[in-house]
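> Kindly generate the corresponding structure for this input.
(2 chains)
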Amino acid sequence: MYIASARRTDLAVPKTGTGRVAANVVALGVVSLVTDISSEMVTAVLPLYLVLGLGFSPLQFGLLDGLYSGVTAFVRIAGGNLADRFQRRKLVAGIGYGVSAVAKLGLLAAGSSAAALGLVLAADRTGKGLRTAPRDALISLSSEPSALGRAFGVHRAMDTVGAFLGPLVAFGLLWTVAGGYDAVFFTSFCFAVLGVVLLVLFVRDKREAVPAKAAVSMRAAVGLLRDRSLRRVCLWAVALGLVTVGDGFVFLLLQSRLEIPAAYVALLPLGTAGVYLLLAVPIGLVADRVGRWRMFLCGHLALLLAYAALLGAVDGFLLLGFVVLAHGAFYAATDGVLMAAAGPLVPSALRTSGLAVLQTGQAVARLCSSVLFGALWTGFGQGVAIGCAVGGLGLVVVLAFARPLREVP
Amino acid sequence: MKILIALVTTLVLAGAAVFYTVHAAGRDVVVVPVDPAAVDLTTPGRLVFRNEAAGPDQGAVASVSLDDPAGPRRLSSLRCGRFAVSAGTGLCLADAPGPLPSAVALVVDARLAEINRTAVAGVPNRARLSPDGALAAWTTFVTGDSYSTPGSFSTRAAMLDRRDGQLASNIEGIVLRVAGERHSAEDLNYWGVTFAADNRTFYATVSTGGRTYLVRGDFDTWQAETLRENAECPSLSPDGTRVAFKKRVQQDGARPWREHVLDLATMKETPLAETRSIDDQVAWLDDRTLAYALPGDGRTDIWTVRADGSGSPRLLVPHASSPALSASAGA
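Alright, predicted model coming up:
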């Protein structure tokens, strides 16, 4: 078995989870579903609102949009560390959900001030950064270590349902009330509040004795990387993140290969999300049996196959179906599965910090990758950029498979 | 007990959302004088625009008499994000409500009845017709398919030849020369097309490699060449001798533009008396006068300024954007 049964976890648990998914995981799934409806409503209408509603230029939109991606990395680690220090994961996650909820009202209050809108969007992202690691820590601490893949699969599937519904609700509202962006924001706020209420009512915190200060300091969080297996997971995740080009690239190439009418391009991400939704649980179950790290690497193999198909291996509807399937499978086999793989490697007292470090590393790597890819594309053209991406991904995946993280207790 | 609390909370929040949505339409209404007559794009001496007065008619195509531009406006039921008029024909670029963020480009007749409909991706940004209405062009801006950095965006410019119904949904493929050299790149973005009276020559903005250029294109041979750098959203004068454009005069800041007029024979540029940053493809009211929308303080108005750099800007129509003349250009 791979890292799924790492040293520090209780080795006496059964090999595979046969019981039900923990009630806490389902509760967190419902909270994520409702919260994702709220956040995706705003994401869907924000460009329209800023440009048509407020008369912003696309340039201004770019400035605002770029502002909030940088904010989250630091907040994520600091929040994760605080959650561990006081063993209050539910509280920190709740604050994260709450900040995002208040930010929805901020959108209404900010009016047409670019500075205020920038602050509100940054607050929204901060809330998201705060809640992700404690939430994933709660999922991993609430589930049997042997069934973590399934637990994360269930959570991510529910999360994706919310992401599906959000845009539908938002555009439905805009259809009812022309130009009613404020109605969208207010309804989004209501969903966000419902998410917080459900969290408070139904999610149980997993608390242990508050550890000694030194044991959960910021230094201790970074010191987690001294552990060989966790360090290797982080390094490989970062290396794979660096060669994973953003989704936009996949959809752009798919569109140009198949000459899909521009109006239908927005359907492509929905296709990917649909596959993700359907595969998240089955892939999580399989990952519990064959090893989560192996499944994580297989996910990247699926992405590599999608790239290869885009470069000309197949054509027509076959190409469309194959790429959407492979891209969705990539998400199903990597997003929650990585958390399931890494969770047991982190002592439970530092679970939130450990996951936060891993998520931040991955996020920063992906940001670097998209900047690098954009620069290659602009500087040397499409061919060089795609060649580098495919070559890099292929190389790292092969290396990662060649050096499996075999943790025999 | 917990389930009861959850149910009650859900009901209260659902009620609040429904209440707010139902009342959203009726709030913040700006009352403007209204003339009950219908909008007709062939009535001479009228300025057609997008009504920006908050309320149920926001976004509707409207018109006012140029003799009394602050006076009563005629309102239509056609809603557009951007509207253009030439020779009694209108081009409406509107966001299309539905489960997906998309837009439509509608060609309409003088009474605003639909003649042609094209589904478009992205957020409506610019719309233009050639002086006799035979050629139509529009620009949308698209988030989410940009391949590089987060926060970046791309534009799509489309052209429709109404004589044979041919549509170029993205003009990126046009043969482009930058400073005389054949140029092909993946990062080409076109926006802000304006047509000459010959239904062949057009001007537009292209960006590539981090620079923006004014291009002159030939619709028949499908070629384009750059004329100069740093000139966006050109608008050709009725006599075809000059283009008004926005020039970036500051590197940073969200509204870094100053509107200029370029003499196409001498390539000499003249800054206009309007010093506020204009982000619009301006309209020529005649060969000496420009009109443009200016947002600020939660409202958008149409202003006017002389095209030779003299005088000072003047408020033309309050709560309005996307100005266009109802009579054919140059009349």
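> Below-threshold pLDDT in the stretch 151-300 of chain B: ranges please.
Applying pLDDT under 70 to the stretch 151-300 of chain B flags the ranges B:151-153, B:251-255.
> let's see 50
Residues of the stretch 151-300 of chain B meeting the criterion pLDDT under 50: B:151.
> Any residue of stretch B:158-174 touching chain A?
Yes. Interface with chain A: stretch B:158-174 contributes B:169-170 (Cβ under 8 Å from any Cβ of the partner chain). Any C-beta I mention is one placed from the backbone N, CA and C, and that applies to glycine too.
> can you tell me the distance between the two ends of that stretch?
Start-to-end span of stretch B:158-174 (Cα to Cα, to the nearest Å) is 11 Å.
> Tell me which residues of it come out buried.
Judged by neighbour count (16 or more other Cβ atoms under 10 Å in any protein chain shown), stretch B:158-174 contains these buried residues: B:158-160, B:162, B:168-172, B:174.
> Show me the contact partners of it.
By Cβ atoms under 8 Å, 6 or more residues apart in numbering or on different chains, the list of residues contacting stretch B:158-174 from outside reads A:261-262, B:105, B:107, B:116, B:118, B:120, B:133-140, B:156-157, B:188-190, B:193, B:202, B:204, B:217, B:219, B:222-224.
> List the residues that contact residue A:45.
Counting by Cβ under 8 Å, 6+ apart, residue A:45 touches A:170-171, A:174, A:181, A:184, B:101.
> Count the residues that sit near the residue of the stretch 301-409 of chain A found nearest chain B.
Closest residue of the stretch 301-409 of chain A to chain B, Cβ to the nearest Cβ: residue A:374 (2.3 Å). Using other Cβ atoms under 10 Å in any protein chain shown, residue A:374 has 22 neighbouring residues.
> if I read this right, residue B:303 contacts residue B:294, doesn't it?
Yes. Between residue B:303 and residue B:294 a contact is recorded at 5.2 Å, counting by Cβ atoms under 8 Å.
> residues touching residue B:326, list them.
So residue B:326 contacts B:40-48, B:63, B:85 (Cβ under 8 Å, 6+ apart).
> Next, give phi and psi for residue 223.
Went with chain A since none was named. The phi and psi values for residue A:223, taken as degrees, to the nearest 10, are phi -60, psi -20.
> Hmm, no, I was thinking of chain B.
phi -130, psi 160.
> Can you give me the distance of it to chain A?
Distance of residue B:223 to chain A, computed by Cβ to the nearest Cβ, to the nearest Å: 21 Å.
> what's near enough to touch that residue?
Counted by Cβ under 8 Å, 6+ apart, residue B:223 has contacts B:174-177, B:217.
> swap in residue B:141?
Counting by Cβ under 8 Å, 6+ apart, residue B:141 makes contact with A:47, A:51, A:58, B:122-123, B:125, B:153-156, B:191.
> Among the residues you listed, which one is most surrounded by other residues?
The most neighbours of any of these, using other Cβ under 10 Å, belong to residue B:122, which has 30 neighbours.
> sorry, back to before: am I right that the residue of the stretch 301-409 of chain A closest to chain B is in a helix?
Yes. Looking at residue A:374 with DSSP: H, G, I helix; E, B strand; the rest coil, it is inside a helix.
> What residue, apart from its backbone neighbours, is nearest residue B:112 spatially?
Nearest non-adjacent residue to residue B:112, counting by Cβ to Cβ, 6 or more residues apart in numbering or on different chains: residue B:78, 4.7 Å away.
> Residue B:321 is in contact with residue B:47, correct?
No. Using Cβ under 8 Å, residue B:47 makes no contact with residue B:321, being 11.7 Å away.
> tally of neighbours for residue A:109?
Neighbour count of residue A:109, defined by other Cβ under 10 Å: 11.
> nearest spatial neighbour of it, skipping sequence neighbours?
residue A:116 (7.5 Å).
> and the residue nearest the centre of chain B, helix, strand or coil?
The centroid of chain B falls nearest to residue B:126 when counting by Cα atoms, centre = their mean (3.1 Å). Put simply, residue B:126 is strand when judged by three-state DSSP.
> helix or strand for the spatially closest residue to it that is not a sequence neighbour, which one?
Excluding the flanking residues, the one nearest residue B:126 by Cβ to Cβ, 6+ apart is residue B:139, at 4.0 Å. Using DSSP states H and E, residue B:139 falls within strand B:135-142.
> tell me the mean pLDDT for that strand?
Strand B:135-142 comes out with an average pLDDT of 90.
> could you point out which element follows it?
Note on strand B:135-142: by DSSP H and E, the next helix or strand toward the C-terminus is strand B:154-161.
> For that next one, which strands pair with it and how are they oriented?
strand B:135-142 (antiparallel), strand B:166-168 (antiparallel) (DSSP bridges).
> Show me which of the contacts of residue B:326 are buried.
Neighbour counting over these (16+ other Cβ under 10 Å) leaves B:40-41, B:43, B:46-48, B:63, B:85 as the buried ones.
> And those residues, which is closest to residue A:81?
Checking the buried ones among the contacts of residue B:326 against residue A:81 by Cβ to Cβ gives residue B:48 as the nearest, at 59.6 Å.
> Could I get the full set of helices for chain B?
Ranges of helices within chain B are B:2-24, based on DSSP state H.
> Now render the contacts of residue B:141 as JSON lines, adding distance to residue A:139.
As requested, these are exported to JSON lines (distance: Cβ to Cβ, whole Å):
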{"residue": "A:47", "distance to residue A:139": "32"}
{"residue": "A:51", "distance to residue A:139": "38"}
{"residue": "A:58", "distance to residue A:139": "38"}
{"residue": "B:122", "distance to residue A:139": "37"}
{"residue": "B:123", "distance to residue A:139": "37"}
{"residue": "B:125", "distance to residue A:139": "43"}
{"residue": "B:153", "distance to residue A:139": "35"}
{"residue": "B:154", "distance to residue A:139": "37"}
{"residue": "B:155", "distance to residue A:139": "41"}
{"residue": "B:156", "distance to residue A:139": "41"}
{"residue": "B:191", "distance to residue A:139": "45"}
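> and which of these is nearest residue B:231?
Using Cβ to Cβ, residue B:191 is the member of those that sits closest to residue B:231, with 12.0 Å.
> my read: the closest one touches residue B:140, true?
No. The criterion here is Cβ under 8 Å, and residue B:191 misses it with residue B:140 at 9.0 Å.
> what touches both of those two?
By Cβ under 8 Å, 6+ apart, residue B:191 and residue B:140 have these common neighbours: B:125, B:155.
> re earlier: pull the most distant pair out of the buried residues of stretch B:158-174.
The widest separation within the buried residues of stretch B:158-174 (Cβ to Cβ) is 21.5 Å, between B:162 and B:172.
> In chain A, where is pLDDT below threshold?
Using pLDDT under 50, the flagged stretches of chain A are A:1-17, A:407-409.
> Where do the strands of the stretch 51-200 of chain B begin and end?
B:60-65, B:73-79, B:82-86, B:89-96, B:102-108, B:114-121, B:123-129, B:135-142, B:154-161, B:166-168, B:175-178, B:181-183, B:189-195 (DSSP state E, counting those that start in this stretch).
> and residue B:51, what pLDDT?
With respect to pLDDT, residue B:51 scores 95.
> what is it paired to in the beta sheet?
residue B:320.
> got it, and residue B:217?
Those that pair with residue B:217 in a beta bridge, by DSSP bridges, are residue B:202, residue B:224.
> Can you get me a residue count around it?
Neighbour count of residue B:217, defined by other Cβ under 10 Å: 24.
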